[in-house]
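*Asks:* Below is the sequence, then the predicted model.
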Amino acid sequence: MRRDQSINPLPAAWVAFIIYLLLSLIFFGATGNYSHMYVGSGDAPIFIWCLNWWPWAITHGLNPFITYHVWYPHGFNMTWVTSMPCAALLASPITLLANAVVSFNVLSLLAPALSAWTGFLLAQYITRDTSSSFIAGYLFGFSSYELGEMLGHLHLNMTFVVPLLVLLVVRRIRGDLSRRRFVVTLAAGLLLQLGLATEILATVCVFGAITWFIFFAFAPPEERRRLWMVAGEIIVAVVVMAALGAPFLFFALKDLGDIPQLNSPQFFSVDPLNIFIPTELTRVGGTLFAGLVQRFHLFEHGAYGAYLGLPVVLILILQLLNIRQRSCLEPLYLSLLVMIVLSLGPTLRVAGVDTNVWLPWSLSLQLPLIHQALPSRFFMYVEMAAALAVALWLSAAKHGWDRAGRFALAALACVSLLPNPTMFRWTPLPLVPFFEPNNVDTSLGLNANVIVLPFGNCCGRPSLIWQWQSGMRFTQSGGNLCYPPESESAWPVVHALDAGLAGPGFADDFTGFCFTHHVSAILVGPGTPTPLAAAIEDLHWQETKDHGITVVRVPHPSVLHFYYVLGDYWPEGPESWMGHQINIVTHGQPMQLTITGQYRPPELGPVEISVVNGSDVSRYRIAEHDKQVLNLPADASVILTASGTFVPARISHNGDERSLSVRIRLQRCTF
């Protein structure tokens, strides 16, 4: 028996965790006030807000699954955003004693260390070799996947549960865990993963099932019986998890049909060249292929997380030479290959070029829930399997030069993944004196609902940080946690606010939005795009400057005159397109509506437009050269419905594939 195999596993595990934690602090830590800055960038404000939301909502007697502090009065379902309730509740003592920013920083620094540690525990149980397991833990916990997600996706960076789930299954298959303890601990682990990242939970189930089938195919008869037994127990654990997580799952399924496709699986897929070519995330060689790397994916740094490193690739090749020495290697390598293929997405992209070569993940795009998963994030499973393969290769080394040579190559593998320190900078919080609780109370009063600018995704979502800074003193009709609810994205002004531009009809659309959403003030903060700030100023509403914020008061509804349009409507200047149906609402101002068939393809013939105003229903046939002028009264809600639509065949509309019907023009009546 090797010397390191005789080490007591419990102290060795704690020593490994301490070393991993020290490495995380060296790689990613910083000196300074952890309550006024955060590691990474990107979506960090979302996680800070969510880490604060769960304990704050519970202590204030609110339903934590639905928040009305963003997108008021519609609200937002917290089960369909990266809200991490388990992390928020586990970190709540830190949040209550310090604040949610400190909690975010602590969890961010713990994430790679915990993932490395649980990877170590899994490898140590399988190999019984502490040194090999320590290397494997590092390769998983500080992999390129982890480095990419470290920059802004805390929920995807906390992968420590995944190796634990695998460890539980392997221990049960080997008979080292009783049935009751296995079901209870597996259900607890799945529940924890549900509260950390539902996407990872979904992909754990998919890749777990695939791996089970592969190992079942290679297993001898006796082991197949154990695999069937464990499969049944896993199903029981899933049922227990679902029962315990019923409140979360209820709200998740409740709004399932309203969730759009958040990101494209095609764009968020692994470029196979990234497996061999380092990116700017790593210190070693990160800039050697900058020109080629730019052709991979620029949507998020997590899409760069497929770099295994040439030493790991070489180890995997060397392992192939002796693949029959251990019965687990063949199914492990086949599982590794399947994971790589699925991570390439629905069609193959090489150096950023879509080859249109069909890939198996295309089959998942029509499935519920799992179609939302992004293939680039599957590489976490590849890196875990590769780390286990490295551990098995190292543990099989003989004494002397063979062992020294293998560990030297493994050390090179670790060096090749060293993080680039310039990528992991700390971002100061965009704190503004106005949002201190006392100032908010004085300026806005209690229970105010506001619009905060910059809006949505602009400038790192400062509205979320400012709302948190105020102690959740106000609600906001905005505050983009992930995506606008469907009812809100129907407003053209929401897209204008998000883009920081004021397009045609902005004044009417914005006024209508404020009226329907019970907005009392617009808070124009630092970083607001100049065109948007100018458009707000052109409304000539009452303005005051207060502690670095321009507070614009929304006038009383009785003095507002506006109209707005919702539905299949695309403003394009004086005349706009409608699709199948739109709703025109007038407030305090009669309008003149002109409907024309201009630009309709003549071969389509006329389209019937029904106009419903209360109980009054009118119908008009509009052909290519027809024009119909209607007078809409003040304070009306008129619904226009087209009997048919068409999709432009030429680039006259910028290649747009929206379904169109007729052109409309709205003008204020002068009589």
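*Replies:* Alright, I've got the coordinates. Numbering: from 1, shown residues only.

*Asks:* Near Glu223, how many other residues are there?
*Replies:* 15 (other C-beta atoms under 10 Å). Where you see a C-beta, it was placed from the backbone N, CA and C, and this is true even at glycine.

*Asks:* can you tell me the average pLDDT over stretch 253-262?
*Replies:* The pLDDT scores in stretch 253-262 average 70.

*Asks:* scratch that, stretch 198-207
*Replies:* 94.

*Asks:* so which strand or helix has Ile536?
*Replies:* Taking DSSP states H and E as the definition, Ile536 sits inside helix 530-537.

*Asks:* Counting neighbours, show which residues of stretch 394-411 come out buried.
*Replies:* Leu394, Ser395, Ala396, Ala397, Arg403, Arg406, Leu409, Ala410 (16 or more other C-beta atoms under 10 Å).

*Asks:* Give me the pLDDT value at the fourth one.
*Replies:* Residue-level confidence at Ala397 comes out at 86, pLDDT.

*Asks:* What of the fifth one?
*Replies:* In this prediction, Arg403 carries a pLDDT score of 90.

*Asks:* How far does whichever strand or helix holds it sit from its chain's centre?
*Replies:* Assigned by DSSP H and E, Arg403 falls within helix 401-416. Relative to its chain's centre, helix 401-416 lies at 36 Å (C-alpha atoms, centre = their mean, to the nearest Å).

*Asks:* List the buried residues in the top strand by length along the chain.
*Replies:* Across the chain, the longest stretch assigned as strand under DSSP state E is strand 576-587. Neighbour-count burial for strand 576-587, counted by 16+ other C-beta under 10 Å, picks out Ser576, Trp577, Met578, Gly579, Gln581, Ile582, Asn583, Ile584, Val585, Thr586, His587.

*Asks:* Show the contacting residues for the second one.
*Replies:* Trp577 makes contact with Tyr569, Trp570, His653, Arg658, Leu660, Ser661, Val662, Arg663, Ile664 under the criterion C-beta atoms under 8 Å, 6 or more residues apart in numbering.

*Asks:* cool, and the third one?
*Replies:* Contacts here follow C-beta under 8 Å, 6+ apart; on that basis Met578 touches Gly567, Asp568, Tyr569, Trp570, Leu640, Ala642, Leu660, Ser661, Val662, Arg663, Ile664.

*Asks:* Which pLDDT value belongs to it?
*Replies:* With respect to pLDDT, Met578 has a value of 94.

*Asks:* Over to the last one?
*Replies:* Predicted confidence (pLDDT) for His587: 94.

*Asks:* Check the gap between Gly119 and Leu22 for me.
*Replies:* Gly119 is 17 Å from Leu22, where distance means C-beta to C-beta, to the nearest Å.

*Asks:* The two: who's more crowded?
*Replies:* Legend: neighbour count by other C-beta under 10 Å for Gly119 and Leu22, higher for Gly119 (34 against 12).

*Asks:* Distance from the strand or helix carrying that one to the middle of the chain?
*Replies:* Here Gly119, judged by DSSP H and E, is contained in helix 100-127. The chain centroid and the centroid of helix 100-127 are separated by 21 Å under C-alpha atoms, centre = their mean.

*Asks:* residue closest to the middle of this structure?
*Replies:* For the chain, Thr82 is the residue whose C-alpha lies nearest the centre (C-alpha atoms, centre = their mean; 6.2 Å).

*Asks:* For it, which three-state class applies?
*Replies:* coil (DSSP: H, G, I helix; E, B strand; the rest coil).

*Asks:* hmm, back to that, switch the contacts of Trp577 over to TSV; also include neighbour count, pLDDT and secondary structure.
*Replies:* Shown next, in TSV, are the contacts of Trp577 (neighbours: other C-beta atoms under 10 Å; pLDDT from 0 to 100; DSSP: H, G, I helix; E, B strand; the rest coil):
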residue	neighbour count	pLDDT	secondary structure
Tyr569	19	90	strand
Trp570	15	86	strand
His653	16	44	helix
Arg658	12	82	coil
Leu660	22	93	strand
Ser661	27	94	coil
Val662	24	94	strand
Arg663	20	94	strand
Ile664	22	94	strand
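
*Asks:* from those residues, which is closest to Gly232?
*Replies:* Closest approach to Gly232 among the contacts of Trp577 (C-beta to C-beta): Arg658, at 49.6 Å.

*Asks:* In contact with the residue nearest to Ile622 when sequence neighbours are not counted, which residues?
*Replies:* Computed as C-beta to C-beta, 6 or more residues apart in numbering, the closest residue to Ile622 that is not its neighbour in sequence is Gly597, at 4.5 Å. If you count contacts by C-beta under 8 Å, 6+ apart, Gly597 has them with Pro606, Val607, Ile622, Ala623, Glu624, His625, Asp626, Lys627, Val662, Arg663.

*Asks:* go on, Thr282?
*Replies:* Ser144, Leu147, Tyr307, Ser416, Leu417, Leu418, Pro419, Asn420 are the contacts of Thr282 under C-beta under 8 Å, 6+ apart.

*Asks:* and with 10 Å instead?
*Replies:* Ser144, Leu147, Tyr304, Tyr307, Gly309, Val415, Ser416, Leu417, Leu418, Pro419, Asn420, Met423 (C-beta atoms under 10 Å, 6 or more residues apart in numbering).

*Asks:* And for the second one, the neighbour number?
*Replies:* Number of residues near Leu147 (other C-beta under 10 Å) recorded here: 27.

*Asks:* Give me the three-state assignment for it.
*Replies:* Classified using three-state DSSP, Leu147 is helix.

*Asks:* doesn't His153 make contact with it?
*Replies:* No - applying C-beta atoms under 10 Å as the test, Leu147 and His153 come out as separate, 11.3 Å apart.

*Asks:* What residues of the helix or strand of the chain with the lowest mean pLDDT count as buried?
*Replies:* Lowest by mean pLDDT, DSSP states H and E among the helices and strands of the chain is helix 290-293, with a mean of 71. Buried residues in helix 290-293, counting neighbours by 16+ other C-beta under 10 Å, are found at Val293.

*Asks:* residues making contact with the next helix or strand after it?
*Replies:* Once helix 290-293 ends, the next helix or strand along the chain (criterion: DSSP H and E) is helix 310-320. Contacts with helix 310-320, where a contact means C-beta under 10 Å, 6+ apart, come from 139, 143, 275-278, 285, 308-309, 325-326, 329, 332-333, 336, 383, 385-387, 389-390, 392-394, 396, 406, 408-417.

*Asks:* neighbours of Val284, just the number please.
*Replies:* Val284 has 13 nearby residues by other C-beta under 10 Å.

*Asks:* Distance-wise, check Leu244 relative to Gly189.
*Replies:* With C-beta to C-beta as the criterion, Leu244 and Gly189 are 12 Å apart.

*Asks:* the more surrounded of the two?
*Replies:* Gly189 (19 against 15).

*Asks:* So for the more buried one, what's the pLDDT?
*Replies:* At Gly189, pLDDT is 98.

*Asks:* Buried by neighbour count: which residues of stretch 368-377 qualify?
*Replies:* Under 16+ other C-beta under 10 Å, the buried positions of stretch 368-377 are Gln372, Ala373, Leu374, Pro375, Ser376, Arg377.

*Asks:* And the furthest pair within those residues?
*Replies:* Among the buried residues of stretch 368-377, Gln372 and Ser376 lie farthest apart (C-beta to C-beta), at 13.3 Å.

*Asks:* Thanks a lot, see you next time.
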